[in-house]
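> Provided below are the primary sequence and the corresponding predicted coordinates.
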Amino acid sequence: MEIRPILSALLRSKVSMILIGLQVALTLAIVCNALFIIGQRFERMQRPSGMNETDTFAVSSVGFGEGFDVRAVQAADLALLRRLPGVVAATSINSTPLSGSGWSSGVQLTAEQKTQSANAAFYMVDDHGLDALGAKLIAGRNFLPTEVGIRTLDETVAPASIIISQALAKSLFPGESAVGKQIYIDDPQTTPKATIVGVVERLQTPWVNDGYADIENSLIQPQMLVIGTASQYLIRAEPGRRDEVMKAVETQLAAANPSRIVGKLRDMEAQRRDAYANDRAMAIILGAVIIALLAITALGIVGMASFWVAQRTRQIGTRRALGATRGDILRYFQTENFIITTLGLILGSILAYALSLWMMQAYQSPRLPWHYVPIGFLCLWALGQIAVLGPALRASRVPPAVATRTL
Amino acid sequence: MLKMTHLQKVYRTHLIETYALRDFSINVAEGEFVAVTGPSGSGKTTFLNIAGLLEEFTGGSYLLDGVDVHGLDDNGRSRLRNEKIGFIFQGFNLIPDLNLFDNVDVPLRYRGYGAAERKRRIEEALGRVGLSSRMKHYPSELSGGQQQRVAIARALAGSPRLLLADEPTGNLDSLMARGVMELLEEINGQGTTIVMVTHDPELAARAHRNVHVIDGQVTDFDAESSPRHVDAGAPVAAIS
């Protein structure tokens, strides 16, 4: 390998080497960190909500006109929904996972404690709630129809029975079964304890963003929420029939009672897309940045190598005349690129970790895993070699007779 | 050392054929110093390119130091060129970003010599042309005459059997040209065969014999040449 003479020749024309080296360095630093962020976003987007998202959808109803009896309408709607062909289960519900809005409150084990034991999202459903959500009960039992109460903004009747998510159970009662245990889910001075009658494997809170830490701390109450004249239902259709059932539900509910507006028909897959729209946008933007950077770097290498080949045509011919084979010329340009990219990549590795440290301090992001840089190193080495291959092959085809051509 | 018989070089396009060399025969014996002269476009450079294995020919035969070069692949030609031939170009063709040591090192690396052997040869070659004290200098720091000396050192470092010089003094003033010519004569005196293309009659006169080329054919030769270089078996008596 002609590393020493190539390096000393490069050092004689530093500007080009420094420019390409810096480009490679910045590309490595940015690509590694951007890929890491994209990976984190994809991980977030793939977190399961704990419910059946494929077959479920939500629909709302808002009554108008005098004498609109929301409780009677809710009971009639649920009876109608459950009779509809293709409906597996239907429940009234205050909020759904991935919706971005809902209720949450602190829960505590004793009345005396000053700080709350955990924070949890509250879902209010009837005895069909678990079925409609598709949540998997892993301990205890479902609500009984007799346990289901009414909750309005004016009257707060604390439920006697609740079901909690496994994550909340582990946080409240680590290492022991939560079923049968009692906790305060409201003001201990005014409301009695509720008994945990069941635990579901997983149920995400409505909030999936970074600001909400305990994303799987959820609590389900057997209550039908009544606020004004509005109701919200969650319906689970038979597999493959969701869209058909959605249309039927909209038509039937509207026809059943003309004194209300049926709307906000939203399937849970669409809800997931909306919930993670920012993450997806970020991943797409960063992906585009990565592709652009790699393309610019590759084109930079192609451009610089092509320029050098054109500039050194006579020199290449002279080398050929002095005994270089085509392979020797090819290797010369590949080695030259190898040296420049290696120097750039060494600097880029330091920059990549420095950028990660800065993001840790500025945005509390996790540390860049160590393996990203060596993998990026190898990929950019390969990119450099691929990019230089065309110009290097062109150089290897320079005929040795060029050496004797008159300038 | 160099024997071309009925050599032909034709450049073909889809419309015309141009003969650069036609029925070109020459025989250069070991130790000779031959000057090839002729007007511009006569085929001198084509002859030099073919002699130096820089170009292929389209007909006839060419033996270089007993090796029939016809049919050699590109790598074979490169290796043979590296082993047998040293080049001296009109424009010196030094690599501007390499110092003198590394410039002379170029053909030796392609030969595959080890570092110690290369160092010995480089120092010896640069010493022979009187530039051993300037090994770390770059070509731009030298005069034209000195640059041509470096090119000669580069050509000599691999101990070639044949030195091909293309207008070696063409870019030099008369004083420097004289110095380079004396160096070439000295090298030839030590046994290296030299074929020099030139259109300078004064330089050509200092060779053992002249070969004159017009329209791709040998048309004349120098009667003053030494008989020891005559190859009686040459099909075309281009030499005396």
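Yep, it's here.
> C-alpha from now on. contacts and neighbour counts both.
Noted.
> what about the residue nearest the centre of chain B, which helix or strand?
Computing the C-alpha centroid of chain B and ranking residues by CA atoms, centre = their mean puts B:Leu164 first, at 0.5 Å. Using DSSP states H and E, B:Leu164 falls within strand B:162-166.
> Nearest residue to A:Ala230 in space, please, no chain neighbours.
Once its chain neighbours are removed from consideration, A:Ala230 has its nearest residue in A:Val62; the separation is 4.3 Å (CA to CA, 6 or more residues apart in numbering or on different chains).
> Report pLDDT for that neighbour.
Here the pLDDT value assigned to A:Val62 is 92.
> Now tell me what touches the helix or strand harbouring it from outside.
Under DSSP H and E, the secondary-structure element containing A:Val62 is strand A:56-63. When contacts are defined by CA atoms under 8 Å, 6 or more residues apart in numbering or on different chains, strand A:56-63 is touched by residues A:70, A:132-133, A:229-237, A:242, A:246, A:250, A:259-268.
> Only whichever of those are buried, select them in ChimeraX.
Remark: buried members of the contacts of strand A:56-63, expressed as a ChimeraX selection using 16 or more other CA atoms under 10 Å in any protein chain shown:
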select /A:70,132,133,229,230,231,232,233,234,235,236,237,242,246,250,259,260,261,262,265,267,268
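> Could you list which of the contacts of strand A:56-63 belong to helices?
Counting by DSSP state H, these place A:70, A:132-133, A:242, A:246, A:250, A:268 in helices.
> restrict the residues you listed to contacts with chain B.
For chain B, no contacts are drawn from these by CA under 8 Å from any CA of the partner chain.
> Name the nearest residue to residue 10, sequence neighbours excluded.
Using chain A. Distance criterion CA to CA, 6+ apart; nearest residue to A:Leu10, sequence neighbours excluded, is A:Met17 at 6.8 Å.
> look at chain B instead
Closest residue in space to B:Val10, ignoring its immediate chain neighbours: B:Tyr19 at 4.5 Å, by CA to CA, 6+ apart.
> number of nearby residues for that neighbour?
As a burial measure, the neighbour count of B:Tyr19 was computed by other CA atoms under 10 Å in any protein chain shown and equals 17.
> ok, now how distant is it from B:Gly216?
Distance of B:Tyr19 to B:Gly216, given as CA to CA, to the nearest Å: 7 Å.
> what does A:Ala25 give?
For A:Ala25, the distance to B:Gly216 - CA to CA - is 56 Å.
> got the residues of chain B near chain A?
Within chain B, the residues that sit near chain A (CA under 8 Å from any CA) are B:45, B:49, B:52, B:54-55, B:74-75, B:78-83, B:86-87, B:89-91, B:93-95, B:97-98, B:102, B:106-107, B:110-111, B:166.
> Of those residues, which belong to strands?
In strands, judged by DSSP state E, the following of those are found: B:86-87, B:166.
> Please check those and keep the buried ones.
For these, a burial check counting by 16+ other CA under 10 Å picks out B:86-87, B:166.
> Show me which helix runs longest in chain B.
helix B:174-189.
> what comes up buried for that helix?
Neighbour-count burial for helix B:174-189, counted by 16+ other CA under 10 Å, picks out B:176-177, B:179-181, B:183-185, B:187-188.
> picking that back up, the residue nearest to A:Leu10 - that's part of a strand, no?
No. The assignment for A:Met17 is helix, going by DSSP: H, G, I helix; E, B strand; the rest coil, so no strand is present there.
> so it makes contact with A:Ala9?
No. Taking contacts as CA atoms under 8 Å, A:Met17 lies outside contact range of A:Ala9: 10.6 Å.
> Comparing those two, which residue is more hemmed in?
A:Met17 (21 against 18).
> The more buried one: what's it in contact with?
Under the contact definition (CA under 8 Å, 6+ apart), the residues listed for A:Met17 are A:10-11, A:340.
> Count the neighbours of A:Gly140 for me.
Residues near A:Gly140, counting by other CA under 10 Å: 16.
> where does it sit relative to A:Lys181, distance-wise?
As judged by CA to CA, A:Gly140 and A:Lys181 stand 11 Å apart.
> Where does the stretch 1-150 of chain A get nearest to chain B, residue-wise?
A:Ala9 (4.8 Å; CA to the nearest CA).
> ok, and the closest non-adjacent residue to the residue positioned nearest the centre of chain A?
The geometric centre of chain A, computed from its C-alpha atoms, lies nearest to A:Met45 (CA atoms, centre = their mean), at 2.6 Å. Counting by CA to CA, 6+ apart, the nearest residue to A:Met45 once its immediate chain neighbours are dropped is A:Tyr276, at 6.3 Å.
> how about low-confidence regions in chain B?
When the per-residue scores of chain B are filtered using pLDDT under 70, the ranges that remain are B:220-240.
> List the buried residues of stretch B:105-124.
Under the neighbour-count rule (16+ other CA under 10 Å), stretch B:105-124 has B:105-111, B:118-119, B:121-124 buried.
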